[in-house]
Each structure stands twice: as structure tokens, then as C-alpha cells.
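# sequence and predicted structure, then a few things I'm wondering about:
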Amino acid sequence: CTNTPGSFTCACDAGYAEYLTSWTELSKADNPLGAAAGYTAYGKFQAVAGNVLAVSGDEENGLAGAVYLYEDQGDGAGYVQTARLASPTDSAGARCGNGLAMYESQQQPGAVKVFMGCRGENGSQGSVHVFEYANGAATLLESLVIPDGTASNYDQFGETIALSGSTLVVGASNDNSRRGSAFIFEYTGGQTATTFVQTIEARDPLPDTNFCQQVAVDGNLLVCGSSFSNSAHVFEDTGAGFAMVTNLGASGNFGQAVAVQGDLIFVSAPSYGEGRVFVYERVAAGVVTQVSVLSKAGTPGAGDSFGWSLAVSGGNLAVSAKRHDEPGRSNVGCVDVYQVASGTAITLLARLVPAVSTDFGYGVAMSGSTVAAGSTQLGGSVWVFGGATTCSDVNECAADAAICGANAACTNTVGSYACALLPGF
């Protein structure tokens, strides 16, 4: 425990780590337009940063789309709607919110930056609008389009968006005759100008492969997924820009969702039987290998769509199965939350299922101990869950197989570990 002005902070002792152990439903954000509005895709995509929740409905208002912002003031009222974001033109068919990302500003406490993709704007060339939200009000900072001068109708720039530090990645899966591209920008919260850095493509792009339908980035590791071609392309930045490392593949809509944290890569295949999540690890610069495969716990059912959506944060992984059945209820949906100690040490912590839902888990977002997951049915809703934490012993032997070297055996102990030489050494 460390005392701070007006409060205190807790930190785990050496050899222990903070793990999420239990989850509670904190709040529910229903579509502000109500069920009478019909299907608006509200709940398909969401993002969480600080105490702000963003939820898109990219098929409302003649497919113009919008993003709704909610804020939790900590007064027990849960997340309350405070703003609605739309394109400056608010034009029919813009599909704003189909791509969505958000992060908490380090320069302005309590403020967030929201990146809203409008893949159908400008004749479906697409765009990304950047907003700053603070004190209940949102301000448009800038609007991005394909920066290399090759934009054409139906590129769908802004279909998917990912952030890591100052790196912004925007996918355009229909660019270049549906081969697909992703565009890398440099963005820092203290400036409004976003700088274009590079364009990335598959190493041997073919027409109609829709490269980068989904994108994830963490540090210098980037993954582009395409369920259309059952592929996930891995890129690494070693200082001279992102270069392709490998192309991963399987079947069953492999590449439907992707996530990256550290050296670990997660790629889902929700139609691979009841669904799978393939786990890969970067074991050295430019070297990626498969280390495990996740299946749905319990009694999986055909068509569960396990892996429909993925999110990762702080050593925890959220995996949705939007067609999960509960006793007496079909297609309820669920989100399974895992603790990820390493690529081979992944433990199921909790299964999140609302009391009433259909297709829950169509989209999922995670930030720290907060999970937000949505359903597009019955007008659309998003549920927010919070996790309680505890300090638990770290199994250093499982987290790092080489921690004792090649000629010694590792034994985990409470709060530490021990190494013992193998016989003959």
C-alpha cells in the first residue's frame, strides 16, 4: 500500500501479479432509438477507455450510422449517454461506426480520443473522423482519407481501426481491386495532425482476398485478418516500418477476429466446428509459431461461433460465442474471459452471460478490468462487466520456459521460483 494525496494505491509484492478473479454486471446501455427503430446494428462494435463507453450503430438513419458515448460518473447510475457522434455530412450510406477505436488522453486527464470509421462515405472510398471528448462534449479534430492519392469508390477505408501508443492502423479491405490494404499513421494525443507513415499489403496480393478486414496492433507487432480468405498476415516493425513476417492460415472463417498483446497473437475461426481461437507466439524477431488452440469450455454445440469476437487487455483475453445456448434458452451468447500467463498457460476465469439476451457477444471490447459486449438484436444493447482483482502467485516457470536455462529445471514457489541443475551438470 502506498499513500497518495487524498487516497492510496495498492501494488502486488514481487513474485505476485494482479489477476481478475470475479466479474459483476455493472451497467447496460440500450439503443437510444429504442427497439421500435428496428435493426440499426447498435451493439456490433464498442470500445472502452477510462470511464467512457463508445457504441456504434452503423446502420441507423439510412445507413448513415453514428457512435454513442456513455460516461460512468461513479455515482452508481452506471453508464449514461452524454454524446452522439456522426459524420460532418451525416450522409446516407456512410456506415459511420463500422470501424471504432478509442483511447484515454495522457495529456488531458478525463479526456478520450475517438476514431470513428465511415467506410461508406465518399462513394464508399471511406474516411475516419477523429474526435476529442471531454466534460460531456465532443469536438471534431480532423478527418482522414486514403493518403496515397489512389482512393477509389468502394475501397472502404475505415472498415477497421486499431491503436497502440502513437500507432494508428486503418484497414481498407476493398482497396486495390479487393486485394485490400492497411494504412499506418503516427498519432500523438498532444497534436491534431495525424501523419501518414506507410501502406502495407499482403506479400503476394490476389484480387478478391480482402486483406485486412480485421486489424490488431501492439507495439511493433501487427496482424491483419481476413475471414474471406481464411488468413492472418503478421507484420513486424524493426525500425524501418512494418514488414511482413508470415501468413497464417486455417479454415472455418479463420481471421474473423484478431488480437495481439506483447508477443502473443490470437486469431479466431468461429466456423471451425463450434469455433476455435488459434494462439501464436513470436519466439524471435521475424519468427512466429503456433503454441496452442482454445476451444469452448463445457459442452460446445455446433454453430456456437466461439471466437466471433476477441479483445485482450492487461494479460486477459475475452472470447465471445454469440450462439452459445443456456438451459432452456437458445442463441443467448456468452463471453469467456481468460487469464493469459503465456501462450500455453491460458486459464478460463469466468463466463459472462446476461440474464436476458440474444446473440450476446456480437462485439466485445476490453480495457483493464472492464469488459463491454453487445448484441444487435431487439434494438441492440451493450452490457458492461467489471472484474475484481487479487494478488496471486506468478508461475515464473510456466511464463518463461527458459528462465533457468537449458541445463536446469524450474520449480515454482510461492512468490518466487527455484532452479536446480539437471543430473550431470
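Yep, it's here.

# residue contacts, Ser353?
To be clear, residue 353 is Val; Ser isn't right here. His324, Glu326, Val332, Gly333, Cys334, Val335, Phe360 (C-beta atoms under 8 Å, 6 or more residues apart in numbering). Heads up, the C-betas are built off the backbone N, CA and C, glycines and all.

# now swap in Lys44 and tell me
Going by C-beta under 8 Å, 6+ apart, Lys44 touches Ser56, Gly57, Asp58, Asn98, Tyr362, Gly363, Gly374, Thr376, Gly380.

# just the ones of these in strands?
Ser56, Asn98, Gly363, Gly374 (DSSP state E).

# buried residues, stretch 222-241. List them.
Neighbour-count burial for stretch 222-241, counted by 16 or more other C-beta atoms under 10 Å, picks out 222-237.

# between those, which is closest to Glu132?
Checking those against Glu132 with C-beta to C-beta, the nearest one is Leu222 at 25.2 Å.

# just grab the bridge partners of that closest one for me.
Val217, Phe235 (DSSP bridges).

# right, and it touches Val169 too?
Yes - contact criterion C-beta atoms under 8 Å: Leu222 and Val169 qualify, at 6.4 Å.

# which neighbours do the two share?
Ala162, Ala182, Val215.

# list only those of those flagged as buried.
Buried by 16+ other C-beta under 10 Å: Ala162, Ala182, Val215, out of the shared contacts of Leu222 and Val169.

# strands of the stretch 101-250 of the chain, start to end?
If DSSP state E, counting those that start in this stretch is used as the criterion, the strands of the stretch 101-250 of the chain fall at 112-118, 127-134, 137-144, 160-164, 167-172, 181-186, 195-200, 214-218, 221-226, 231-237, 242-249.

# quick check: phi and psi on the residue of the chain positioned farthest from its centre?
Most distant residue from the mean C-alpha position of the chain: Gly424, 47.9 Å away (C-alpha atoms, centre = their mean). Backbone torsions of Gly424, given as degrees, to the nearest 10, read phi 100, psi 0.

# how far away is it from Ala402?
Distance, Gly424 to Ala402, using C-beta to C-beta, to the nearest Å: 19 Å.

# what of Ser152?
Counting by C-beta to C-beta - Ser152 and Ala402 are separated by 49 Å.

# these two: who's more crowded?
Neighbour count, other C-beta atoms under 10 Å: between Ser152 and Ala402, Ser152 has more, with 13 against 8.

# helices or strands next to the helix or strand hosting Ala259 in the packing?
Ala259 is part of strand 258-261, with elements assigned from DSSP states H and E. Identification of packing neighbours for strand 258-261 by 3 or more C-beta pairs under 8 Å, 6 or more residues apart in numbering; DSSP states H and E yields strand 214-218, strand 221-226, strand 264-269, strand 306-313.

# what lines up beside it in the sheet?
By DSSP bridges, strand 258-261 pairs with strand 264-269 (antiparallel).
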